[in-house]
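# Build the 3D model from these lines:
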Amino acid sequence: MQKSSKRLLGSTAAVVLFVFVAMLFPLIAREYAPPFLNKTLNFLSTFMLIGLFTAWGVSVNKRVVQVQARRYLLAVAVLAVFWIAVREIRYRFLTDAVILRQLWYAYYIPILLIPLLAFYVSLSLGKGEKFRIPKSALLAVIPTVAFIVLTLTNELHQLVFAFPEGYKNQTDTSYKYGVTFYLLTVWVVLLALASFVTMLTKSRTPKSRKTAWLPVIPFVCGVLYFLLYAIRIPFVWKYIGDVAVSWCLLFIGYFEACIQSGLIQTNTRYSDLFSASIGTEMQITDADFNVHYRAEGSKSFSKEIIKKAVSGTLQLDGGKRLHAIPVNGGFAVWTDDIAPLIELREALEAQSEELEERNALLQYEYEKEREHKVVEEQNRLYDLLQTKTQKQLNRIDRLVQQYKTESDPQKKRTILAEISVLGCFIKRRKNFVLALDEAENIPDSMLERALAESSHALGKLGVRCAFIVDTGEEQSGGTLALAYDFFEEVLEAVLDSCKYLCARICKVGSEVRVNVLTDSRADLTALKNTYKNLQIINEDDGTMLVLPLEEGGEA
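Next comes the predicted model:
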């Protein structure tokens, strides 16, 4: 037999013996005790019962978990004490027949309220602290209060108890039950049944399923007692005729049976809990760190280790952590296995290192790729610039060689001037290449600056140059670059034979048109091989070249 079961049997036997003695004292006082001992035994019995019910209320306050259920059970304990106190006053201190009957009627206050409270206890089980009794269940207060009022005012109508004529000035017990008494009895039984059935249906623990019959014992005893008392069996009236004591014991016994069977949840039976806890390491110690409860198979820890765990979580060998928190009267100690978490952390750290290495490698590859792209872009732009200015570069190379062999200073200055003109074009053409790489459209002011620099360089050769750029808005970069290329090719073709050069780039209708006027008579028909739409107009004073450009730079 488990230790908890032995303790339960021992405490039950002690309570039964205590109750037996408390009920035996009045019987001894009535049948065998001398007068001076009679009152002593009766008072002693009363104090023992009041102490028992008070102790039960204190125990309920410590054991029952649910707040509302605990309050209702405490109210039951108060009503039991009230009932015993009224009974003691009725039997020991008063003699007036009317007052005695009023105190007797007061018995029905706890008789009616205790079953109602039992019903509310059953509704509160399994609910949270904010639970409130449903309004439909609160309607049960109405008939209960009505029966209490009818019982307390029985002197006016005798609907509960009917007395013979001339009863007012005597304590005659020859009364009959009225119809209200039977209705009252049915109501009390219905509340008790509703309480028990509700508790049983709400039970979720296997323990209560097996021991649910425990509350049946005081319930059946109460029904039998009521029937035997109602039909006035002599033995019942003589030996257990004290209704107040008997009913209080039956009510308290019923609630305690519900608690012991698990229908009313409590925070006791720790020994059973810990003995059934297999595979866990839990302990409960007192304030001096002495272990009182330990889970089955739980490892024991020294007081010094537990003290350290109270200050903070303690890391143990084998991937376990020891926790300790203060509880009422001691400490709760337990361990949790964090070995999987440690393994996971190590795996994550390894993956993190690997990812850092990969990230560093990717960063290195990215930097190299970026450098490669920069070089590629630079090479692309260089090749593009080289393509656009290769002819001028070749010509500069020839002029440089010629300059080296030339001895005439005047011709040297002329060669340098030509190199300057070609250099201006290469410089400005590079700007067009870079601008076109960043944006599709460019302002015509860029073409104006390019023509201005070329005009300045032509002045060193004695060639007068004028130009006008009037496109009205930003143009395609390819269009303006082609206009500059055309101007340069015309310039190079007539450079040795012209004295002036005039260029006009304007928008006519929807197209950009380039007009170049020069006094040179050189043959410029070769330009048509490059510019298909070129028109060459020979005039008396020179040559005019007209080149229409489509959007995007096509000639």
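# Neighbours of Lys411, how many?
Lys411 has 12 neighbours, counted by other Cβ atoms under 10 Å. From N, CA and C alone the C-beta is placed, and that goes for glycine too.
# In which helix or strand does Leu116 reside?
helix 108-124 (DSSP states H and E).
# Quick check: next helix or strand after that helix?
The C-terminal neighbour of helix 108-124 among helices and strands, as given by DSSP H and E, is helix 135-138.
# and that following helix, what does it pack onto?
Where contact means 3 or more Cβ pairs under 8 Å, 6 or more residues apart in numbering; DSSP states H and E, helix 135-138 is packed against helix 108-124.
# can you give me the strands for the stretch 401-550 of the chain?
441-442, 464-470, 475-476, 500-508, 511-518, 535-539, 542-549 (DSSP state E, counting those that start in this stretch).
# The helix holding Leu116 - contacts with which helices or strands?
For helix 108-124, the packing partners by 3+ Cβ pairs under 8 Å, 6+ apart come out as helix 67-92, helix 135-138, helix 141-152, helix 179-202, helix 243-261.
# how many neighbours does Tyr254 have?
Tyr254 has 25 neighbours, counted by other Cβ under 10 Å.
# If you could redo that for Leu517, that was the one I meant.
A total of 19 residues lie near Leu517 under the criterion other Cβ under 10 Å.
# I'd like to check which residues are in contact with it.
For Leu517, the contact set (Cβ atoms under 8 Å, 6 or more residues apart in numbering) comprises 501-503, 542-545.
# between the helices and strands packed on helix 108-124, which gets nearest to Val220?
Closest approach to Val220 among these (Cβ to Cβ): helix 243-261, 10.0 Å.
# Which SSE is immediately downstream of the least confident helix or strand in the chain by mean pLDDT?
Among the helices and strands of the chain, helix 206-210 carries the lowest confidence by mean pLDDT, DSSP states H and E, at a mean of 50. Scanning forward in sequence from helix 206-210 by DSSP H and E, the next helix or strand is helix 216-230.
# For that next one, name the packing helices and strands.
Packing contacts for helix 216-230, counted by 3+ Cβ pairs under 8 Å, 6+ apart, involve helix 179-202, helix 234-239, helix 243-261.
# tell me which residues in it are buried?
Residues of helix 216-230 classed as buried: 218-219, 222, 225-226, 229 (neighbour count, 16 or more other Cβ atoms under 10 Å).
# what angle sits between that helix and helix 179-202?
170 degrees (axes from the mean of the first three to the mean of the last three Cα atoms, to 10 degrees).
# thought Thr198 was touching Ala118?
No - assessed by Cβ atoms under 8 Å, Thr198 is found out of contact with Ala118, at 9.5 Å.
# and the two? which has more neighbours close in?
The neighbour comparison of Thr198 against Ala118 (other Cβ under 10 Å) goes to Ala118, with 23 against 19.
# Would you agree that one is in contact with Ala192?
Yes - applying Cβ under 8 Å, one finds Ala118 in contact with Ala192, separated by 6.4 Å.
# between those two, what contacts are shared?
Counting by Cβ under 8 Å, 6+ apart, the residues touching both Ala118 and Ala192 are Tyr254.
# For the most centrally placed residue in the chain, give me the pLDDT.
Centroid-nearest residue in the chain, with Cα atoms, centre = their mean: Gly128, separated by 20.8 Å. Per-residue confidence (pLDDT) for Gly128: 72.
# Surely Asn359 is within a helix?
Yes - using DSSP: H, G, I helix; E, B strand; the rest coil, the assignment for Asn359 is a helix.
# Can you give me the distance of it to Ala350?
Separation of Asn359 from Ala350 (Cβ to Cβ, to the nearest Å): 15 Å.
# Which of the helices or strands spans Ile306?
Here Ile306, judged by DSSP H and E, is contained in helix 303-311.
# tell me the most buried of the strands of the stretch 401-550 of the chain?
Of all the strands of the stretch 401-550 of the chain, strand 475-476 has the most neighbours on average by mean count of other Cβ atoms under 10 Å, namely a mean of 22.
# Looking at it now, give me its mean pLDDT.
Strand 475-476 carries an average pLDDT of 73.
# go on, stretch 148-159?
Stretch 148-159 shows an average pLDDT of 88 in the prediction.
# in it, what's buried?
Within stretch 148-159, the residues that count as buried by 16+ other Cβ under 10 Å are 148, 150-151, 154, 159.
# Quick one: end-to-end distance for that stretch.
One end of stretch 148-159 to the other measures 12 Å (Cα to Cα, to the nearest Å).
# For that stretch, what is the distance to the chain centroid?
Here the centre of stretch 148-159 is set off from its chain's centre by 59 Å, with Cα atoms, centre = their mean, to the nearest Å.
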